[in-house]
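A.B. asks: Below is the structure, and that's it, no one-letter string:
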């Protein structure tokens, strides 16, 4: 029996980042998503940053840079205000209620630093990324996942590890700007400087984003058959009447091919598009139609 699963459509350029290192971690209550894999759409910006979208405390979406060099989660002050996060002026970190990434990864009670990193201020002022960047997502989030990134594919694969990095204590005191090293003070001046430069060179227009259609289901190719193996509650697929173990024999008016063909067709569908399906269930064929939704 040979299985090909949708989440393994990674080309030879794929990069797997497994940041969890048990020797430096702690083991609180096991996350209910442990072991689950999620397809997380990303945007490759004009500045070659990988950016994902997130809902924070039920608000958003916000654009977060996947930054393996950042120690934690940083959110710009404007985005924090929209998310209802108020930083304690006497503490370095605050705690958010929930972080939900497009595609399904969900974390609760994550520590966050409300700040305007000079990198974001500068790039946003000039419009260089093509989208407005709202924050940086670093080790404290990324270390909880095994991340497969393929630049030739439009989605990352995030698999929740049974690991949580040891977080910094909440009572870390704030550092006054005048007490920062001179090099860091100089770097923080770059953001305002680039803002000033934008007045003369002009801001680049943001890239118009057409939301990709989201069905909320996954298929596995088994013995040349496409079988529905995952189905999210309240998703477009669930509303259409699709069920687990349904065999998809036609999609978008054509006979079912390989899982690669199916994925390529799905990637071209925008939110609001209709996806007609013919499935075989207990030997009986059924006609379904799915109205694709936006991820957020």
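C.D. replies: All right, it came through fine. Source: prediction; values computed, not measured.
A.B. asks: All the helices of the stretch 101-250 of the chain, residue numbers only.
C.D. replies: Assigned by DSSP state H, counting those that start in this stretch, the stretch 101-250 of the chain shows helices spanning 118-126, 139-142, 182-188, 190-201, 236-240.
A.B. asks: residues in contact with residue 291?
C.D. replies: 236, 239, 240, 272, 273, 274, 275 (C-beta atoms under 8 Å, 6 or more residues apart in numbering). Where C-beta positions appear, they are placed from N, C-alpha and C, glycine not excepted.
A.B. asks: Need the phi and psi values for it.
C.D. replies: Dihedral pair for residue 291: phi -100, psi 110, per degrees, to the nearest 10.
A.B. asks: same check, this time on residue 47
C.D. replies: phi -100, psi 10.
A.B. asks: if I read this right, it contacts residue 124, doesn't it?
C.D. replies: No - between residue 47 and residue 124 there is no contact under C-beta atoms under 8 Å: 10.9 Å.
A.B. asks: pLDDT weak spots in the stretch 1-150 of the chain?
C.D. replies: Low-confidence segments of the stretch 1-150 of the chain (pLDDT under 70): 1-29, 128-129.
A.B. asks: how about the strands of it, start to end?
C.D. replies: Shown for the stretch 1-150 of the chain, the strands assigned by DSSP state E, counting those that start in this stretch span residues 3-5, 15-18, 25-26, 37-41, 43-44, 50-56, 59-66, 73-75, 94-101, 106-114, 135-137, 145-149.
A.B. asks: Mean neighbour count for those strands - can I get that in JSON lines?
C.D. replies: Shown next, in JSON lines, are the strands of the stretch 1-150 of the chain (neighbours: other C-beta atoms under 10 Å):
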{"stretch": "strand 3-5", "mean neighbour count": "13"}
{"stretch": "strand 15-18", "mean neighbour count": "13"}
{"stretch": "strand 25-26", "mean neighbour count": "13"}
{"stretch": "strand 37-41", "mean neighbour count": "21"}
{"stretch": "strand 43-44", "mean neighbour count": "16"}
{"stretch": "strand 50-56", "mean neighbour count": "23"}
{"stretch": "strand 59-66", "mean neighbour count": "20"}
{"stretch": "strand 73-75", "mean neighbour count": "26"}
{"stretch": "strand 94-101", "mean neighbour count": "18"}
{"stretch": "strand 106-114", "mean neighbour count": "18"}
{"stretch": "strand 135-137", "mean neighbour count": "26"}
{"stretch": "strand 145-149", "mean neighbour count": "21"}
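A.B. asks: nearest to residue 254, of these?
C.D. replies: Nearest to residue 254, of all the strands of the stretch 1-150 of the chain, is strand 3-5, at 19.4 Å by C-beta to C-beta.
A.B. asks: Could you count how many residues lie near the residue nearest to residue 218 when sequence neighbours are not counted?
C.D. replies: Spatial nearest neighbour of residue 218, chain neighbours left out: residue 230 (3.8 Å); criterion: C-beta to C-beta, 6 or more residues apart in numbering. Residue 230: 19 surrounding residues under other C-beta atoms under 10 Å.
A.B. asks: Tell me who's in contact with residue 230.
C.D. replies: The neighbourhood of residue 230, defined by C-beta under 8 Å, 6+ apart, consists of 217, 218, 244.
A.B. asks: Local confidence estimate at residue 164?
C.D. replies: At residue 164, the model reports a pLDDT of 90.
A.B. asks: Residue 253: neighbouring residues, count only.
C.D. replies: Counted with other C-beta under 10 Å, the neighbours of residue 253 add up to 8.
A.B. asks: What of residue 33?
C.D. replies: Residue 33, neighbours per other C-beta under 10 Å, totals 17.
A.B. asks: wait, it sits on residue 105?
C.D. replies: Yes - contact between residue 33 and residue 105 holds when scored by C-beta under 8 Å: they sit 7.0 Å apart.
A.B. asks: between the two, what contacts are shared?
C.D. replies: Common neighbours of residue 33 and residue 105, using C-beta under 8 Å, 6+ apart, are residue 160.
A.B. asks: just to revisit the earlier point, looking at the contacts of residue 230, which is nearest residue 252?
C.D. replies: residue 217 (14.8 Å).
A.B. asks: dump the residue contacts of the closest one.
C.D. replies: Residue 217 sits next to 228, 230, 231, 232, 235, 237, 238, 242 when contact means C-beta under 8 Å, 6+ apart.
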